[in-house]
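Novice: Give me a 3D structure for the following:
(3 chains)
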Amino acid sequence: MYIGYPCVNYTIKRSTNNTFKLSSYSHQKVRETVQKNIDHFWDILKFNLRYDIKFFRLGSQFIPFASHDIFDFNWQDEFRDQLEELGEFIREQEFFITMHPGQYVVLNSKNQDVIRRSIRELEWHADLLDLMKIEGLIQIHIGGIFDNKAEAINRFINSYNSLPYKVRRRLAIENDDRLYNFEDVLKIARSTGAHIVFDVYHDRINPSNYSLQEILDILKDNLIIDYSSGDDRGRHADTIDVHDFLQFYRNVEEYNPKIMFEIKDKEKSVLTAKDLIKTK
DNA sequence: TGAAGTCAAGGCGCG
DNA sequence: CGCGCCTTGACTTCA
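Specialist: The predicted structure follows:
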């Protein structure tokens, strides 16, 4: 059972999302910030190893401004050796790593330039995972509706098919809390071959006709879940809701899922959950 | 050293 | 039609 947390570890005060403002961009600034992210990533992985936490989401600012037009730093050559070393450790210890670029990646935009920049963003994510020589998924949402959902879905599929293979092979799509529910995502995944990440909390706020049991049976051995509880407005919980988690866990445990905690206190809730499971 | 102001980006929905 | 929301709140400047 893989349970993990995203980007940051508050216990040891380490983040894979150190960044800077665009106005202070320089090669030196990129160099020292990426180095910091690498160093912090090592510390987080060592923490995770100690506590047997095998799942982690790498921050999307790991290489700050990597897809921006002004970016002209050859980070691949500069950090190749260090990234290979990291990757070796990740493979040896069988960590599972995902990434989740944010709301600015919109593959079904009507604006070609937005799509172009989205693809550039996805490409550096893929390059990073490739340089580490690890498996690992890049999860995104479908995007907007733009007054016509069928057309928006078609645009997504067209963009998906135009992606370079290095991105396509790692791309996972996830149901969101307002526009594209699990049923939408499943249809798109079936016609593209994209991986799926299932967000249980979004599904609670924006459900489809599929029951949780049906969803689990469809995804079964490829079950990657974003888990959170929270209020009905979609705000992620500050800390784990023990009752909610145990109920959820009893439903999914037989599927051997990978569960990413989208809970604000991060590793703390993961450790609580692991204790709960152990003493259950 | 702490507080205030600012930060690359898209799209939706509320008021 | 402007603004807040999404998120990991964090960087930078100014006292």
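
Novice: For A:D52, identify the helix or strand it belongs to.
Specialist: Of the helices and strands defined by DSSP states H and E, none includes A:D52.

Novice: I'd say it and A:K274 touch.
Specialist: Yes. With contact defined as CB atoms under 8 Å, A:D52 and A:K274 form a contacting pair (7.2 Å). (Each C-beta comes from the backbone N, C-alpha and C, glycine too.)

Novice: Please, which helix or strand holds A:V30?
Specialist: Applying DSSP H and E, one finds A:V30 within helix A:27-50.

Novice: buried ones in that helix?
Specialist: A:29-30, A:33-34, A:37-38, A:40-41, A:44-45, A:47-48 (16 or more other CB atoms under 10 Å).

Novice: the more surrounded of A:D52 and A:K274?
Specialist: Neighbour count, other CB atoms under 10 Å: between A:D52 and A:K274, A:K274 has more, with 15 against 12.

Novice: Show me which residues of the stretch 51-200 of chain A are close to DNA strand C?
Specialist: Selection of the stretch 51-200 of chain A residues close to DNA strand C by CB under 7 Å from any atom of the strand yields A:57, A:59-61, A:100, A:102-103.

Novice: May I have the predicted confidence score for the residue of the stretch 151-280 of chain A found nearest DNA strand B?
Specialist: Closest contact between the stretch 151-280 of chain A and DNA strand B, by CB to the nearest atom of the strand, is at A:R178 (5.2 Å). With respect to pLDDT, A:R178 scores 90.

Novice: can you check the one 10 residues further on too?
Specialist: The confidence metric pLDDT takes the value 96 at A:I188.

Novice: Alongside DNA strand B, which residues does chain A contribute?
Specialist: Looking at DNA strand B, the residues of chain A close enough under CB under 7 Å from any atom of the strand are A:21-23, A:60-61, A:64-68, A:102-104, A:106, A:109-111, A:114, A:117, A:121, A:143-146, A:178-179.

Novice: One more pass at 6 Å, please.
Specialist: With CB under 6 Å from any atom of the strand as the criterion, chain A meets DNA strand B at residues A:21-23, A:65, A:67-68, A:103-104, A:106, A:109, A:111, A:114, A:121, A:144-146, A:178.

Novice: Can you give the strand pairings for the strand or helix carrying A:T98, parallel or anti for each?
Specialist: Element membership for A:T98, per DSSP H and E: strand A:96-99. Here strand A:96-99 has these sheet partners by DSSP bridges: strand A:55-58 (parallel), strand A:137-140 (parallel).

Novice: how close does the closest residue to A:F245 other than its chain neighbours sit to DNA strand C?
Specialist: Using CB to CB, 6 or more residues apart in numbering and skipping residues adjacent in sequence, the residue nearest A:F245 is A:A273, 5.9 Å away. A:A273 sits 17 Å away from DNA strand C, going by CB to the nearest atom of the strand, to the nearest Å.

Novice: surely A:A273 meets A:G4?
Specialist: No. Applying CB under 8 Å as the test, A:A273 and A:G4 come out as separate, 10.4 Å apart.

Novice: residues shared between the contacts of these two?
Specialist: A:F261 (CB atoms under 8 Å, 6 or more residues apart in numbering).

Novice: Which stretches in chain A count as helices?
Specialist: Residue ranges of the helices in chain A, as given by DSSP state H, are A:27-50, A:75-92, A:112-132, A:149-162, A:165-168, A:182-192, A:200-205, A:212-219, A:242-252, A:267-279.
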